[in-house]
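Chemist: here are the coordinates; sequence isn't available:
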């Protein structure tokens with residue numbers, strides 16, 4: 001979210017006049033204390049997973065050669081089917097990725113990371129595989145996780161609630177902060193910032209691993225509010241895919257799309273993680289495919305038509321709300337958005353939109369006129385990033401049902417019912433706090 005160049009914003013709300021300034025947001029954050037210490041122990045992400053296979057990304061000191069093994073409770077040891085080591089430039093950290101098969105559903109395994117040369121155990125975590133045949137799923141949605149404002153308690157709260165999978169939908173890393181060029185973060189800076197975030201956030205050091213699937217927004221691509229004009233898109237895509245694995249050979253329900261987009265099928269649910277940056281034209285473009293690009297939009301629509309259940313469209317920027325000072329699909333690409341709605345009205349699947357970016361969370365109700373049935377856009381933001389005093393009260397959205405500016409993530413229990421879905425939504429903060437909850441049916 002980017003403020004226009006002005007000192008204050010005056011907004012009338014009923015009989016009250018609220019006064020908010022970006023400077024107040026900076027002052028508020030300056031008074032807060034954040035846990036931003038980096039660790040040198042392995043940082044681990046469990047990536048896309050099915051009943052028998054999974055994949056892990058491990059950030060570690062470059063000087064170490066690490067090995068991963070999986071241990072069954074009966075003592076059986078599994079070696080990786082495939083492994084990769086990535087260590088660009090001269091950065092002090094490297095990335096090792098490991099892929100495993102032959103596992104079983106319902107078993108609590110141990111992932112053991114060792115020093116290949118000495119055999120010393122560097123780390124050990126617990127994990128399970130994922131049932132992709134169930135119509136019931138619990139998932140968490142997270143966006144905007146500035147590691148310089150890290151709050152480990154909110155991640156501990158998320159892990160305690162035991163989601164089956166976590167979706168990161170944008171600004172997982174603020175890679176463009178401190179970039180040496182106006183073009184945005186270069187490949188060296190991208191790698192460094194991703195390593196720094198991976199060495200800080202509590203979720204990457206959780207004793208229990210939960211599969212994470214990720215897509216990006218502007219900051220983790222490399223430049224604020226940028227799209228296809230960003231000069232390092234290819235390098236940034238490779239960087240992102242190294243840290244957030246997406247190998248369909250080790251997850252039967254995974255399908256990779258254009259850019260960094262991908263889909264995951266779980267029972268009757270189809271989750272589309274859209275790449276809202278690689279193909280985005282300049283805001284205001286009248287291009288029919290100015291937002292996701294033609295290839296990606298067609299890939300998504302083909303996936304929906306081939307699917308027989310509800311569809312979740314996950315994207316970094318909001319789709320329906322048109323708010324001041326921020327990007328949105330409907331506000332910046334009106335022609336493209338209108339044509340997309342016509343396409344969605346022709347398919348039988350019920351669609352739910354999930355977005356981030358705005359540094360507050362809200363639920364927007366979509367009327368029958370948009371899709372031909374009542375649905376919702378669920379915005380989840382931010383886990384820990386700069387907040388705006390008074391938001392979302394001072395920011396209009398006539399579709400809004402409820403909202404909060406507290407640091408948060410969204411937890412959703414969803415059941416596929418034919419083409420539709422029944423869901424229970426909780427917007428959660430640290431220490432077990434629930435900001436709001438809804439029972440919704442589409």
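Modeler: Noted; the coordinates are in hand. These numbers come from a predicted model, not from an experiment.

Chemist: And for residue 309, the neighbour number?
Modeler: When neighbours are defined as other Cβ atoms under 10 Å, residue 309 has 19 of them. Every C-beta, even on glycine, is put in place using the N, C-alpha and C of the backbone.

Chemist: can you confirm it is in a strand?
Modeler: No. Counting by DSSP: H, G, I helix; E, B strand; the rest coil, residue 309 is located in no strand; its state is coil.

Chemist: Look up the closest residue to it, ignoring the ones flanking it.
Modeler: Using Cβ to Cβ, 6 or more residues apart in numbering and skipping the chain neighbours, the partner closest in space to residue 309 is residue 268 (3.0 Å).

Chemist: Could you check how many residues crowd around the one you found?
Modeler: 23.

Chemist: got the contact list for it?
Modeler: Counting by Cβ atoms under 8 Å, 6 or more residues apart in numbering, residue 268 touches 135, 308-310, 416-418.

Chemist: And residue 40, by the same measure?
Modeler: So residue 40 contacts 61, 199 (Cβ under 8 Å, 6+ apart).

Chemist: change it to 10 Å
Modeler: 60-61, 64, 92-93, 199 (Cβ atoms under 10 Å, 6 or more residues apart in numbering).

Chemist: most neighbours, which of those?
Modeler: residue 60 (25 neighbours).

Chemist: can I assume that residue is in contact with residue 91?
Modeler: No. Residue 60 is beyond contact range of residue 91, at 11.8 Å (criterion: Cβ atoms under 10 Å).

Chemist: Specify the beta-bridge partners of the residue nearest the centre of the chain.
Modeler: For the chain, residue 168 is the residue whose C-alpha lies nearest the centre (Cα atoms, centre = their mean; 1.5 Å). Judged by DSSP bridges, the bridge partners of residue 168 are residue 142, residue 214.

Chemist: if I look at residue 345, how far off is residue 75?
Modeler: Using Cβ to Cβ, to the nearest Å, residue 345 is found at 56 Å from residue 75.

Chemist: The two - which one has more neighbours?
Modeler: Neighbours per residue, other Cβ under 10 Å: of residue 345 and residue 75, the larger number sits with residue 345, 13 against 6.

Chemist: Apart from its chain neighbours, what residue comes closest to the more buried one?
Modeler: Using Cβ to Cβ, 6+ apart, the closest residue to residue 345 is residue 372 (4.8 Å).

Chemist: who's in contact with the one you found?
Modeler: 341, 344-347, 350.

Chemist: In CSV: these, plus secondary structure and pLDDT.
Modeler: Shown next, in CSV, are the contacts of residue 372 (DSSP: H, G, I helix; E, B strand; the rest coil; pLDDT from 0 to 100):
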residue, secondary structure, pLDDT
341, helix, 98
344, helix, 98
345, helix, 97
346, coil, 96
347, coil, 96
350, coil, 98
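
Chemist: closest to residue 332 among the residues you listed?
Modeler: residue 341 (15.2 Å; Cβ to Cβ).

Chemist: Quickly note the distance from the closest one to residue 256.
Modeler: From residue 341 across to residue 256, the span is 26 Å (Cβ to Cβ).

Chemist: Could you double-check that residue 52 lies in contact with residue 99?
Modeler: No. Using Cβ under 10 Å, residue 52 is not in contact with residue 99, being 11.9 Å away.

Chemist: Mutual contacts of those two, please.
Modeler: In contact with both residue 52 and residue 99: 250-251, using Cβ under 10 Å, 6+ apart.

Chemist: The two: who's more crowded?
Modeler: residue 99 (20 against 15).

Chemist: Which stretches in this structure count as helices?
Modeler: For the chain, the helices defined by DSSP state H cover 22-31, 152-160, 187-198, 218-221, 233-243, 294-305, 329-332, 334-345, 368-371.

Chemist: tell me the most buried of those helices?
Modeler: Ranked by mean neighbour count, these are led by helix 218-221 with a mean of 30 (mean count of other Cβ atoms under 10 Å).
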